[in-house]
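Visitor: sequence and predicted model, in that order:
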Amino acid sequence: MSAGLAIDAALALVLPVLAWAVVATPDLRKAIVLFMALGLVAALAWARLAAPDIALVEAAIGTGVTGALLMSCVPWAESLTPASRRARADLALAGALAVVACLGWAIRALPEAGPGLTPAVLGALEVSGVEHPVTAVLLNYRSYDTLLEIVVLVAAAIGIDAVLPDDDARRRLAPPARSLVGVLSHLLVPGAVLVAGFLVWKGAHAPGGAFQAGAVLAAGGILLLFARRLRPVPFAARALRGALLAGPLLFLGVAVAPLVRGGRLLELPVAWAGVLILAIETVLVVTIAIVLLMFFPARVLASSRAPAATVEDPP
Amino acid sequence: MTEPAWVAGVVVIPLVGALIAVLAGRRAAPIAVVTAVGAAVAAAALVRQIARDGVVEHAVGGWAAPLGIALRADGLSALFVAAVAVVGTAAIVYALAHPGTPHRFHAAWLLGWAGLAALAVSADAFNLYVALELLTLAGATLVALASEAAALRAALRYILLALAGSLAYLFGVVLLYAAHATLELSALGAAVTPGPVTAVAIAAMVAGLALKSALFPLHGWLPPAYAGAPAASAVVLAGLLGKASFLVLVRLWFEVVPPSLRPDAGLLLGVLGAAGALWGAVLALRQTRLRRLLAYSSVGQLGYLFLVFPLGTGPALAGAVYLVLAHAAAKAALFMAAGSIERACGSDELGALRGLAPRMPLTFLTIGLAGLTLMGLPPSGGFVAKWLLLGASLETGQWWWAIVLVVGGFLAAAYVFRVLRLAFLPAAGAAAIARAPRGAELPALALALVSLGLGLAAAPPLALLGAGP
């Protein structure tokens, strides 16, 4: 038995067991830690399936940012009356088994994996402006999807802003500062910025790109927020909205420009495609990082009206 | 010079407007007005282009399907984009005049406008998913703008169920793509063959879209969302966003689902639709608040739409699409009226309506005219729609659907007249009411007249629909 097969078998065994542990664990904090472990194992599984781009996103967003978000909600969730998690776990198991049965039935009937669109994707790579096929799909062949997805993020930002409209609501939800986070932020944040820059630059010819980079940058920002070293800017500040919208507006400008000249929406001139894609991805990193950071209730901890005393809680 | 690509313009204009509206923050209102005018002009141009040339296609990025994303606008796209422009513009006018509209409404609604237009002109199964996601986020935000505990709960339920529906749809898209290596709808339609992959994929997609369309018994999320949202949000949610998933379902059904699967699945959808039509109307009768009454009425009216699946193309499809248009105008007008009444009386309790008609004549004229479409009485657009559906059910020998249409019409008459009767009763006391601003009453009346006009001038829209697949 080859090593690869052994790893695959281990992943296939561990994933469902971890997933069950997540829903069945009565302790909320334990469940979240297990959930993050599940995400990392899932990222490994994606890597084994030769989908490194998805593995990166799963690790950065599905595990890192989501895990931190869940953790930051624990004090609030514990204040609610505990529901019967056990009954829901059984329901989830039944649902999951039904989905697996349907999926299994369908997948057994799928035709042998053909080449799919791979020849077409690779064939047009030369004129796409990038060398990495996934980036070519996301930022050129199907860039319209990505444009709309970025607009979805903008919609999410307004939604978050509507739900957490005032400083009081935010302060109630803010977690207390922890001393360890302060030390960690010193060590990790410069690295996060560096990794984000690397990922977006690398995206042109290898796995990586704006979403992964934005998530890593957001992770650094989350550390700073929790360490209270970042004074979060309220959405009402025009500078924040400007930084958030620079990416979508540039993307939309690139999309509309060819229409004015009688071309197609989002048609990238071959000579400029590489530069335009890199420029769009770079500004989108900021957009993605800001929206992800907005999810954290701690973000307005130190709003302009909050007196210093309530901001600097004893650790 | 070649004609501008209106099919892309109808999406891009509200998109640009939405982003600038977010940037403008509290000063978004004038941007919303300018965007509405621009998007309405683009919609009119697209309608004209399709009426003249038939189906319009646009390969985004210059990449032909299956590598790229195809935009395709047919008669159905044109009619829906036109409905979005008419109702959407009226909603912005109403929002400007209605006191207490949250300033974030304009940005959230323009994002929804862009999502609806993107959905109407997309010919790509995954791109439709992205459009649905945009509508989910914009819709939940529109509800959450009320920022009261009940509205936030409703928004949370809205987003969770809508995401579950989207996920089920995406599940089906992934299976279809794995089997056929294309996402373009007509190419998928040519490739699918009955079998496990198609069955599971279609079942997941239909179930997800049915949940998002509030098909009985999956309608529980709708009434609290429509009743809890701010007045202007409820107008676009009930008028437009609520129909988006149904539109995707129609495309999926008639362009992708293999004909051999249609009869049984169609019967199931028809039965659930009929149950929803009657149950929604019965529950509407039992409500004590006006906006909840209207929300349950929407559950009922959305139920009729699902009769298209057992009845098939031709007059039934025309009838269902016509009901989407007429109901969009009528229900938007009714939610505007309900918002004005709530503002004037401080509550939308039905008891507060007593004696209100002489004091708010325009608003109750609106309710009466828009009510005609709910009841399906001539000369309203709702009558034309129900007439087409009735004809189709008798023509195909499925007379039982006709009973549902007729009984549902009587139930709708009962709840509409309940509201009107209360308003014309003598007032119980001289309760002080705030005057509704004309700017809020007039767009409502205009939309009620549109729903009526759709009945008087049915030929051009129906001819445009013929320019479809």
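Guide: Great, that's in hand.
Visitor: quick one, strands of the chain?
Guide: Let's take chain A. With DSSP state E as the criterion, chain A has no strands.
Visitor: the chain in question should be chain B.
Guide: In chain B, the strands defined using DSSP E lie at B:56-59, B:70-73.
Visitor: out of those strands, which is the most enclosed?
Guide: Per residue and on average, the most neighbours among those fall to strand B:70-73, with a mean of 24 (mean count of other CB atoms under 10 Å in any protein chain shown). To be clear about C-beta, it is placed using only N, CA and C from the backbone, and glycine gets the same treatment.
Visitor: spit out the contact partners of the nearest residue to residue A:70 once chain neighbours are set aside.
Guide: Leaving out its chain neighbours, the residue that sits closest to residue A:70 by CB to CB, 6 or more residues apart in numbering or on different chains is residue A:32, at 4.7 Å. Contact analysis of residue A:32 by CB atoms under 8 Å, 6 or more residues apart in numbering or on different chains lists A:67, A:70, A:71, A:74.
Visitor: same check on residue B:313?
Guide: Contacts of residue B:313 by CB under 8 Å, 6+ apart are residue B:254.
Visitor: so among the contacts of residue A:32, where is pLDDT lowest?
Guide: Among the contacts of residue A:32, residue A:74 carries the lowest pLDDT, at 79.
Visitor: and it, how many neighbours?
Guide: Per other CB atoms under 10 Å in any protein chain shown, the neighbour tally for residue A:74 reads 14.
Visitor: chain B contacts on the stretch 151-300 of chain A?
Guide: Neighbours of chain B within the stretch 151-300 of chain A, by CB under 8 Å from any CB of the partner chain: A:151-152, A:154-159, A:161-163, A:165, A:236, A:238, A:241-242, A:244-245, A:248-249, A:252, A:255-256, A:259, A:262-268.
Visitor: which of those are buried?
Guide: Buried subset of these (neighbour count, 16 or more other CB atoms under 10 Å in any protein chain shown): A:151-152, A:154-159, A:161-163, A:165, A:241, A:244-245, A:248-249, A:252, A:255-256, A:259, A:264-268.
Visitor: most centrally placed residue in chain A?
Guide: Closest to where the C-alpha atoms of chain A average out (CA atoms, centre = their mean) is residue A:61, at 3.1 Å.
Visitor: ok, that one to chain B distance?
Guide: Using CB to the nearest CB, to the nearest Å, residue A:61 is found at 15 Å from chain B.
Visitor: identify the residue nearest that residue in space, chain neighbours excluded?
Guide: Per CB to CB, 6+ apart, closest to residue A:61 is residue A:215, 4.6 Å.
Visitor: so for the one you found, what's the pLDDT?
Guide: pLDDT recorded at residue A:215 is 91.
Visitor: next up, the contacts around it.
Guide: Residue A:215 is in contact with A:57, A:60, A:61, A:64, A:65, A:288, A:289, A:292, counting by CB under 8 Å, 6+ apart.
Visitor: in TSV: those, plus pLDDT.
Guide: Formatted as TSV, the contacts of residue A:215 follow (pLDDT from 0 to 100):
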residue	pLDDT
A:57	89
A:60	88
A:61	87
A:64	88
A:65	89
A:288	94
A:289	93
A:292	90
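Visitor: now for these, which pair is the farthest apart?
Guide: Farthest apart among those by CB to CB are A:57 and A:289. That separation is 14.2 Å.
Visitor: tell me which of these two has more neighbours.
Guide: Neighbour totals were compared for residue A:57 and residue A:289, and residue A:289 leads with 26 against 19 (other CB under 10 Å).
Visitor: got any ranges where the stretch 101-250 of chain B has weak pLDDT?
Guide: In the prediction, the stretch 101-250 of chain B carries no residues with pLDDT under 70.
Visitor: hang on, the earlier thing: any chance of the strands of chain B in CSV, with mean pLDDT and distance to chain A too?
Guide: Below are the strands of chain B laid out as CSV (pLDDT from 0 to 100; distance: least, CB to the nearest CB, whole Å):
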stretch, mean pLDDT, distance to chain A
strand B:56-59, 95, 6
strand B:70-73, 96, 8
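Visitor: and those as JSON lines, adding distance to residue B:354?
Guide: Below are the strands of chain B laid out as JSON lines (distance: least, CB to CB, whole Å):
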{"stretch": "strand B:56-59", "distance to residue B:354": "52"}
{"stretch": "strand B:70-73", "distance to residue B:354": "48"}
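Visitor: for residue B:331, find the nearest of these.
Guide: Nearest of the strands of chain B to residue B:331, taken as CB to CB: strand B:70-73 at 24.7 Å.
Visitor: which helices and strands sit right next to the closest one?
Guide: If you count contacts as 3 or more CB pairs under 8 Å, 6 or more residues apart in numbering or on different chains; DSSP states H and E, strand B:70-73 packs onto helix B:6-24, strand B:56-59, helix B:105-121.
Visitor: winner for burial among the ones you listed?
Guide: Ranked by average neighbour count under the criterion mean count of other CB under 10 Å, those are headed by helix B:105-121 at a mean of 29.
Visitor: name the helices or strands packed onto it?
Guide: For helix B:105-121, the packing partners by 3+ CB pairs under 8 Å, 6+ apart come out as helix A:143-163, helix B:6-24, helix B:29-53, strand B:70-73, helix B:75-97, helix B:125-144, helix B:231-236, helix B:242-255.
Visitor: tell me the contacts of the nearest residue to residue B:150 once chain neighbours are set aside?
Guide: If the residues on either side of it in the chain are set aside, residue B:150 comes closest to residue B:228, at 5.0 Å by CB to CB, 6+ apart. Going by CB under 8 Å, 6+ apart, residue B:228 touches B:143, B:146, B:148, B:150, B:151, B:153, B:154, B:155.
Visitor: so the residue nearest to the centre of chain A sits right up against residue A:213, yeah?
Guide: No: using CB atoms under 8 Å, residue A:61 makes no contact with residue A:213, being 11.2 Å away.
Visitor: ok, the residue nearest to residue A:61 to residue B:136 distance?
Guide: Computed as CB to CB, to the nearest Å, the residue A:215 to residue B:136 distance reads 21 Å.
Visitor: same thing with residue B:19?
Guide: Note on residue B:19: its distance to residue B:136, by CB to CB, is 19 Å.
Visitor: and residue B:72, by the same measure?
Guide: According to CB to CB, residue B:72 stands 23 Å off from residue B:136.
Visitor: for residue A:162, which residues are in contact?
Guide: Contacts were defined as CB under 8 Å, 6+ apart; by that measure residue A:162 touches B:102, B:104, B:108, B:141, B:144, B:145, B:147.
Visitor: what number of residues lie near residue 50?
Guide: Looking at chain A here, since you left the chain open. Using other CB under 10 Å, residue A:50 has 8 neighbouring residues.
Visitor: my bad, the chain I had in mind was chain B
Guide: 24.
Visitor: who's in contact with it?
Guide: The contact partners of residue B:50, by CB under 8 Å, 6+ apart, come to B:56, B:73, B:74, B:75, B:77, B:78, B:464, B:467.
Visitor: kindly report the same for residue B:237.
Guide: Applying CB under 8 Å, 6+ apart, we find residue B:237 in contact with B:139, B:142, B:143, B:225, B:226, B:229.
Visitor: please repeat the previous calculation with a cut-off of 10 Å.
Guide: Contacts for residue B:237 (CB atoms under 10 Å, 6 or more residues apart in numbering or on different chains) come out as B:91, B:109, B:112, B:138-139, B:142-143, B:158, B:222, B:225-226, B:229, B:295, B:298, B:331-332, B:335.
Visitor: skipping adjacent residues, who's closest to residue 153 in space?
Guide: Answering for chain A, as no chain was given. Leaving aside its chain neighbours, residue A:153 sits nearest to residue A:291 (4.6 Å; criterion: CB to CB, 6+ apart).
Visitor: oops, chain B please
Guide: With sequence-adjacent residues excluded and distances taken as CB to CB, 6+ apart, residue B:153 is closest to residue B:224, at 7.2 Å.
Visitor: how close does the one you found sit to residue B:232?
Guide: Relative to residue B:232, and taking CB to CB, residue B:224 is found at 18 Å.
Visitor: the more surrounded of those two?
Guide: For residue B:224 versus residue B:232, the count of surrounding residues by other CB under 10 Å is larger for residue B:232: 29 against 19.
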